[in-house]
Structure formats: C-alpha cells, structure tokens
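# Show me the folded form of this:
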Amino acid sequence: VYGSFFGGIYIKELDKNGLPVEDGYGKLLWAGDGQGVEGPFIFYDEDQGYYYLMVSDGSLSTDYCMRVARSENPDGPYEDITGQDMLYTDGGNKLAGNYNIANGGNNVALGHNSVVERRGEWFVVCHVRNALNGGHHLETRQLYFNKEGWPVLSPLRYAGESNGTATSEALTGSFDVVVHTSGVSQAIVNSVECSFSADGTISGSLSGTWTLESDYYVTLELDGISYSGVVCGGWRTQPEAKAVYCITATSADGNALWCVAR
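Okay, the predicted model is just below:
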C-alpha cells in the first residue's frame with residue numbers, strides 16, 4: 001500500500017520476489033481531499049476479523065492527524081464508522097487531533113504512523129510536534145479496540161502498562177477530558193475538568209453519563225453525543241508523575257474522546 005497527498009492511496013499486489021504482478025498504479029483505496037492523505041499503513045487483527053488502513057491527513061506543520069478505516073479484504077473497500085467508502089469521501093475515523101492536557105504542553109500533528117503487535121497488544125509508533133510549526137519527536141502509544149472493533153488510541157505515551165480489568169471505583173473521580181476536533185483542524189483543544197460520580201453521572205465543564213461494561217468497555221454520553229471506548233492504564237507526567245486510569249473512545253461520527261484521571 002502506498003501513495004501520497006493529492007494522488008490518493010493505492011494498493012498493488014507483488015509476487016514473492018517483490019515484483020508487481022500487474023501493470024499500472026494498482027487499486028485506489030482512499031481518494032483523499034484538498035488537504036491530502038499520505039503515510040498509509042495496513043494491519044490485520046484476527047480477533048476483530050478486519051484489515052485496518054491508517055493514513056495521515058492534512059498539513060504536517062499544523063493540522064496533521066491520523067485516520068483509520070477498515071475492510072474484510074486487504075484491497076478494500078475500506079469504510080469508516082459511518083459506513084462511508086474511503087474511495088468516495090474524505091472521512092475516516094479520527095484517532096487524535098491537536099491537544100493540550102491540563103497545561104502539560106501542546107501536542108500537535110500526531111501522524112505518519114506504523115502499527116506493531118506484540119503478544120496480543122497493539123502499539124502505534126508516530127511523530128508528534130510540541131507546537132505549530134515546531135520541532136517533533138517520536139512516540140509509542142497503545143492501540144485498543146472498542147466493543148464494535150474500532151481502534152482507539154491511548155491518550156498517553158506507552159510506559160509499560162498492560163490491559164486489565166477495570167472497576168467502577170476506578171472511574172469515580174476527577175478527569176481531564178479532551179473532545180478532539182472533527183475534520184482537519186489546527187485548533188489545539190485544551191482539556192476540561194469533569195467529575196465522574198459513582199451513580200454514573202458526569203458533571204463539570206461537560207455533562208452526561210458513563211457506563212462500564214464487561215471488563216473494560218465503557219460507553220459515555222457527553223452533551224448529547226455517544227462515545228464507545230475502553231478503560232486503559234497510563235502514566236501521566238503533569239502536574240505530577242503517577243499511574244492513572246484513562247478512557248479512549250470514538251463517537252458514532254468517528255471523533256475521538258480522551259479522559260485522563262487527575
């Protein structure tokens with residue numbers, strides 16, 4: 001799978017020697033839009049039964065972001081959570097936009113990623129800038145799947161955490177919440193503080209409800225929007241270094257939501 005910016009993303013079959021078995025560019029999978037898509041990566045999860053195609057969308061300097069669609073076949077068609085075929089739309093689930101959690105520093109232009117699986121755990125390796133048009137660094141983050149089989153990205157850098165069983169008590173308390181922008185945007189979203197109560201209500205800058213299902217699946221309703229995700233562990237460094245619970249989820253429109261315990 002290959003392609004860059006305005007030309008779109010193609011897949012082309014090769015033989016065992018790495019030579020093409022057909023002429024031409026191959027099959028177009030993701031047409032993109034005026035912003036352009038690039039950096040494609042396909043991985044297969046046997047548990048979910050899908051091939052996942054990830055791309056980066058937008059300008060590397062300002063509004064770069066990771067997007068994902070899935071298919072039961074390696075050569076597509078690839079659809080996002082709304083059922084749109086990436087060949088005909090500029091959609092794709094957005095895994096992360098520009099953000100700042102609790103004044104811990106700007107994180108801009110997450111993208112151009114690869115995906116690695118290790119003993120049943122999935123990891124995204126991507127670059128991140130610390131400011132618009134600023135320098136960048138490399139990060140590794142865990143990738144999870146919600147109950148509908150859609151990838152959701154950890155809000156924090158990987159620090160050795162493992163999957164486990166969450167409890168309702170773990171989700172009771174104060175969280176920094178990031179509702180990522182939809183579409184391609186250079187706006188840096190600042191987190192807001194919300195309180196998760198034992199009765200399943202959410203109050204503060206945003207209001208709604210939360211429900212823990214099974215071992216770690218969680219459903220949130222925030223300001224009338226439903227999000228489906230997972231509870232995961234993480235290590236935050238601001239305002240103090242400590243292990244915390246996090247939530248990473250996606251809406252029915254494919255927009256990302258992150259919650260990090262304070």
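# quick one: low-confidence ranges for the stretch 1-150 of the chain?
Flagging of the stretch 1-150 of the chain using pLDDT under 70 yields the residue ranges 33-35.
# And the strands in it?
Per DSSP state E, counting those that start in this stretch, the stretch 1-150 of the chain carries strands over the ranges 2-5, 9-11, 27-30, 37-45, 50-57, 65-71, 93-96, 99-100, 108-118, 121-129, 136-145.
# Would you format those strands as CSV with distance to Trp235 included?
Backbone N, C-alpha and C define where each C-beta goes, glycine included. Conversion of those to CSV gives the following (distance: least, CB to CB, whole Å):
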stretch, distance to Trp235
strand 2-5, 34
strand 9-11, 34
strand 27-30, 34
strand 37-45, 25
strand 50-57, 24
strand 65-71, 21
strand 93-96, 18
strand 99-100, 17
strand 108-118, 18
strand 121-129, 15
strand 136-145, 11
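# Those: which one's closest to Pro239?
For the strands of the stretch 1-150 of the chain, the distance to Pro239 is smallest for strand 99-100, at 13.0 Å, taking CB to CB.
# Give me the residues contacting the closest one.
Counting by CB atoms under 8 Å, 6 or more residues apart in numbering, the neighbours of strand 99-100 from elsewhere in the structure are 106-107, 178, 180, 188-191, 258.
# Tell me which of those residues fall in strands.
Filtering these for membership in strands, criterion DSSP state E, returns 178, 189-190, 258.
# Any quick ChimeraX command for the buried ones out of these?
Remark: buried members of the ones in strands among the contacts of strand 99-100, expressed as a ChimeraX selection using 16 or more other CB atoms under 10 Å:
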select :178,189,258
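# beta partners of the closest residue to Tyr25 other than its chain neighbours?
What sits nearest to Tyr25 in space, not counting adjacent residues and going by CB to CB, 6 or more residues apart in numbering, is Tyr10, at 5.1 Å. With DSSP bridges applied, the residues forming beta bridges to Tyr10 are Tyr2, Leu28.
# How about the contacts made by the residue lying closest to Phe6 once chain neighbours are set aside?
For Phe6, ignoring the flanking residues on the chain, the nearest one in space by CB to CB, 6+ apart is Gly36 at 5.2 Å. By CB under 8 Å, 6+ apart, the residues touching Gly36 are 4-6, 57-58.
# Just give me the residue closest to the centre of this structure.
For the chain, the residue lying nearest the average C-alpha position, counting by CA atoms, centre = their mean, turns out to be Leu95 (2.3 Å).
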